[in-house]
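Participant: how does the following fold in three dimensions:
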Amino acid sequence: MPASAVPIVNPRTIAWRLIGKWINVKGKWGRELKGRLVFSDRYLNFELELVEQYDGETLLSLMQNTLLRWDVVEYFRELNDEECERIVSNWQSRGDFYEFQQQN
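Facilitator: Alright, predicted model coming up:
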């Protein structure tokens, strides 16, 4: 397929479609955040909840909420079902998932 045939899609519309879904965000510093997208504004700033922070394959931390500025995001993508289930089961095993769901 020639490069001219590839459709150009605005990343804002992709981000807005992913609100409420589980995503992976790769930061320019090399770390990855996996969590549920709560909010994205027109500048592509992200708010994530139930976040896991990774450096390669190593889990560094768990966070209830985090905000990401657009200038630290290298790319973002939707997680597949297996990755989503693993994250939810991790939070459920800690007991935080249901408490967090009831707060929202």
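Participant: drop to CA atoms for contacts and neighbour counts, all remaining ones
Facilitator: Will do.
Participant: distance from the chain centre to the helix or strand that contains residue 93, please.
Facilitator: Assigned by DSSP states H and E, residue 93 falls within helix 81-94. Relative to the chain's own centre, helix 81-94 is displaced by 14 Å; criterion: C-alpha atoms, centre = their mean, to the nearest Å.
Participant: tell me what the residue positioned nearest the centre of the chain is bridged to.
Facilitator: The centroid of the chain falls nearest to residue 23 when counting by C-alpha atoms, centre = their mean (3.2 Å). Beta-bridge pairing of residue 23 under DSSP bridges involves residue 35, residue 78.
Participant: how much space between it and residue 6?
Facilitator: When distance is defined by C-alpha to C-alpha, to the nearest Å, residue 23 is 23 Å away from residue 6.
Participant: swap in residue 81?
Facilitator: Where residue 6 is concerned, residue 81 sits at a distance of 27 Å (C-alpha to C-alpha).
Participant: cool, and residue 47?
Facilitator: The gap separating residue 47 from residue 6 is 30 Å, by C-alpha to C-alpha.
Participant: so residue 45 makes contact with residue 68?
Facilitator: Yes - using C-alpha atoms under 8 Å, residue 45 is in contact with residue 68, at 5.6 Å.
Participant: so the residue nearest to the centre of the chain sits against residue 32, correct?
Facilitator: No - at 10.2 Å, residue 23 and residue 32 do not qualify as touching, with contact defined as C-alpha under 8 Å.
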